[in-house]
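A.B. asks: Dropping the sequence and predicted coords here.
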2 protein chains.
Amino acid sequence: MAPWSGLTADELALLETTFWSAGGSRHAMAERLGFSKSKANALIAGLVEQGLLAEAGLQRSSGGRRAENLQLHEGLGVVLGVDIGATSLDVAVLRPDLSVLAQHCEPADVREGPGVLLARVRVLMRELLARCGFGPKQVIGIGIGVPGPVNFEIGQLVNPPLMPAWDSFSIRDYLREDYAAPVFVDNDVNLMALGELWRLKRSLPNFLVIKVGTGIGCGIVCHGEVYRGAAGSAGDVGHICVDQEGPLCHCGNLGCVEAMAAGPAITRMAVQAAQAGESRALAERLRAQGHIDAVDVGQASRAGDAAANAIVQRAGQLIGQMLASIVNFFNPSHVFIGGGITRIGPLFLAALRQSVYHRSLALSTRHLEIQYTPLGAQAGLVGAGVLAMHEALKARGVAP
Amino acid sequence: MAPWSGLTADELALLETTFWSAGGSRHAMAERLGFSKSKANALIAGLVEQGLLAEAGLQRSSGGRRAENLQLHEGLGVVLGVDIGATSLDVAVLRPDLSVLAQHCEPADVREGPGVLLARVRVLMRELLARCGFGPKQVIGIGIGVPGPVNFEIGQLVNPPLMPAWDSFSIRDYLREDYAAPVFVDNDVNLMALGELWRLKRSLPNFLVIKVGTGIGCGIVCHGEVYRGAAGSAGDVGHICVDQEGPLCHCGNLGCVEAMAAGPAITRMAVQAAQAGESRALAERLRAQGHIDAVDVGQASRAGDAAANAIVQRAGQLIGQMLASIVNFFNPSHVFIGGGITRIGPLFLAALRQSVYHRSLALSTRHLEIQYTPLGAQAGLVGAGVLAMHEALKARGVAP
């Protein structure tokens, strides 16, 4: 049973608001919920007594009595966040306020299938929990991000192009053997969007997060909530066409932005440049390592290699071209750019921005901000924690 | 003062739910609002007594006592709906249940500016009201659709490309001289989306409406509400690029879908086909009339003219190509196609569909339905009525 399983709707709303406002004052919380001061104080007193809420000292600016900030009580337990990338695996134990207690990251190959990968996730979870002195019973929720389209209601991947072996596999059932806590699964970039939404304390209602790695995906926040689409595939922007006569993509179409500008395409362009004698730096890398990856291209670009610069700019420009269409359609206030490839060098973001501002309508871009994800590489993991807490609070009625 | 200005939040919620469920049973209404049976019955009795709600006879299927359907009372007054197109003007007087009492449609040129056009709107409103025996005081709300981006909060157009003279003009202030009722202004295709949302009784939470006429626009319904974007320009899809080397658009970019597939582009392709001797039918039209329009192309296509067929298919294919990107991004359950140009012939919808299904991901299109707007040419006007009722109910506190 979740520690909050017997609470009233008002009490749960207060916990949920406390989670999202991360250290807000009791006054602000009451106001947001439309509760009177006395009602809020009574509810808070009850929740503090039950060990669910904690008061976090006087608020500096107010000076008055009783203006204590609120936060979820540490004694509630911990959440587990897992961020499964195409080539990496991140697992963390987080407090209810999403501060990280323990974290581990390692390379992984998602194509090995759910059996291999999730067995490793299971081991890491147990080790990390033990390291901070917790056991499976203290886990109140588990959030997992995966690099493919997810049917959110049932927590399964649906036709994932990068990880076909995971199709219809129930991650939830697999982990149920070890944990009584509820397990929630979502697309990795949806979780990045959820993480940023939490960091922003929901202050921006309409924004996008673009992730560029092995593939290209987009997380959508609309009307203040993550939008997943009619079949859970919203944000699947990697297969938007940017060149009718472009190369063949693994999806069967020509000129998908993913086939032309994501990690593997950058590697391919770099190998071509090295072999064609266009770049001494890349040719040396290829000789020394036997392969080139996006990090090598980024280093060569930073060192002023013209061919590497052209590759970085070409990738940014193509992704910006795709993004221009989306900005015209969706008119977001912010676009946050994340994922390993996007840190390939400053020319990438510059080229991407130029492409968007050039092709989008003035009205759509007048106040548009395009920047790196403020949570950086932690966005997916924080998002997994947000998913776990947010959904676990909502699912209190469901016996775990 | 609106007739409902003194009501409680619960009473207003009941009126609003009655409006959106259009003739639903009192039982269904209570359930949707989470009211107990006795609470709902007491509220309903009060509203019936005040002449705001009406009972509409026993529901056929139930047979029981008290299962009467509810609707807004006719005595509430009327709403005025106005649909300003680039080349047409529609004005209607509607009952609170949005049945049309009187309607008038005529050609108009939006480029003549707000002075000329709105003076005509004013005259038509007065005439139509008089024709059904109402005066300005019985008007409870006015909804107006315009073919350009709107700042919804202040009811003004912002940089409208098709109607520059309207930039920052306050339609609301202009009509305030004649009517005490609140005036709401929105983009024409947002209103089509709102109209369809009402027709569907909000049963589809995520769908799109595409309008093709002089320009191309898209109305977005997300999480069960019309989505307008950060600056009100969401759905501005006409300037999405479908050909990097396409013709110059009036926005300054190359290959915008609007410049290649909307009404004026179809006319241009038809004139070219006529002058190049590719179509006897179109050449005859051009000779006889001195010009060709999309209706002529549609007629020639239906009569089997090969050049006209190619034009219709080309337009559908290009719009479908743009739509494929949007479907990948937004994953809607339905796309409704409307606006004069889309009825140009069955080949148009067929080519559009083929283009979307060919280019979008399988998961996005597996359950996707692409069809004509069920409300047809009335969608904009019905949407204007929905806007007027919906917003007027919400704005009850604001003195009109």
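C.D. replies: The structure has been received and is ready for your questions.

A.B. asks: my guess is A:Thr219 is in a strand, correct?
C.D. replies: Residue A:219: Gly, not Thr. Yes. Assessed with DSSP: H, G, I helix; E, B strand; the rest coil, A:Gly219 lies in a strand.

A.B. asks: so who does it touch?
C.D. replies: A:187, A:189-194, A:208-209, A:211, A:226, A:235 (CB atoms under 8 Å, 6 or more residues apart in numbering or on different chains). No exception for glycine: its C-beta is placed from N, CA and C like everyone else's.

A.B. asks: what do you get for A:Phe329?
C.D. replies: Per CB under 8 Å, 6+ apart, neighbours of A:Phe329: B:218, B:220, B:234-237, B:240, B:326, B:329-330.

A.B. asks: what about 7 Å?
C.D. replies: Contact analysis of A:Phe329 by CB atoms under 7 Å, 6 or more residues apart in numbering or on different chains lists B:218, B:234-235, B:237, B:326, B:329.

A.B. asks: rewinding a little: from the contacts of A:Gly219, list the buried ones, please.
C.D. replies: Neighbour-count burial within those applies to A:187, A:189-194, A:208-209, A:211, A:226, A:235; the criterion is 16 or more other CB atoms under 10 Å in any protein chain shown.

A.B. asks: picking that back up, please identify which of the contacts of A:Gly219 is nearest to chain B.
C.D. replies: Proximity of the contacts of A:Gly219 to chain B (CB to the nearest CB) peaks at A:Gly235, which lies at 6.6 Å.

A.B. asks: For the stretch 151-300 of chain A, what lies in contact range of chain B?
C.D. replies: Proximity of the stretch 151-300 of chain A to chain B, by CB under 7 Å from any CB of the partner chain, involves residues A:158-159, A:206, A:218, A:222-223, A:225, A:227, A:229-231, A:233-237, A:239-241, A:251, A:253.

A.B. asks: residue ranges with poor pLDDT in the stretch 51-200 of chain A?
C.D. replies: The model of the stretch 51-200 of chain A has pLDDT under 70 over residues A:57-67.

A.B. asks: if we can go back for a sec, the residues of the stretch 151-300 of chain A next to chain B, buried ones only, as a PyMOL selection?
C.D. replies: What follows is the PyMOL syntax for the buried subset of those, where burial is set by 16+ other CB under 10 Å:
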select buried, chain A and resi 158+206+218+222+227+229+230+231+233+234+235+236+237+239+240+241+251+253
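
A.B. asks: Do you know the pLDDT at A:Phe35?
C.D. replies: We have a pLDDT of 87 for A:Phe35.

A.B. asks: Which members of the contacts of A:Phe329 occur in strands, if any?
C.D. replies: By the criterion of DSSP state E, membership of the contacts of A:Phe329 in strands covers B:Cys218.

A.B. asks: ok, the contacts of A:Phe329 vs A:Pro182, which is closest?
C.D. replies: The closest of the contacts of A:Phe329 to A:Pro182 turns out to be B:Phe329 (CB to CB; 29.8 Å).

A.B. asks: next SSE after the helix or strand where A:Lys39 lies?
C.D. replies: Using DSSP states H and E, A:Lys39 sits within helix A:37-49. Counting by DSSP H and E, the next helix or strand C-terminal to helix A:37-49 is strand A:53-55.

A.B. asks: list the buried ones in that next one?
C.D. replies: By 16+ other CB under 10 Å, the buried positions in strand A:53-55 come out as A:53-54.

A.B. asks: Stretch A:23-31 too?
C.D. replies: A:24-27, A:29-30.

A.B. asks: quick one: contacts of it?
C.D. replies: Outside of stretch A:23-31, the residues within contact range by CB under 7 Å, 6+ apart are A:14, A:17-18, A:21, A:37, A:40, A:44, A:56, A:59, A:67-71.

A.B. asks: Which members of those residues occur in helices, if any?
C.D. replies: Among the contacts of stretch A:23-31, the ones falling in helices (DSSP state H) are A:14, A:17-18, A:21, A:37, A:40, A:44.
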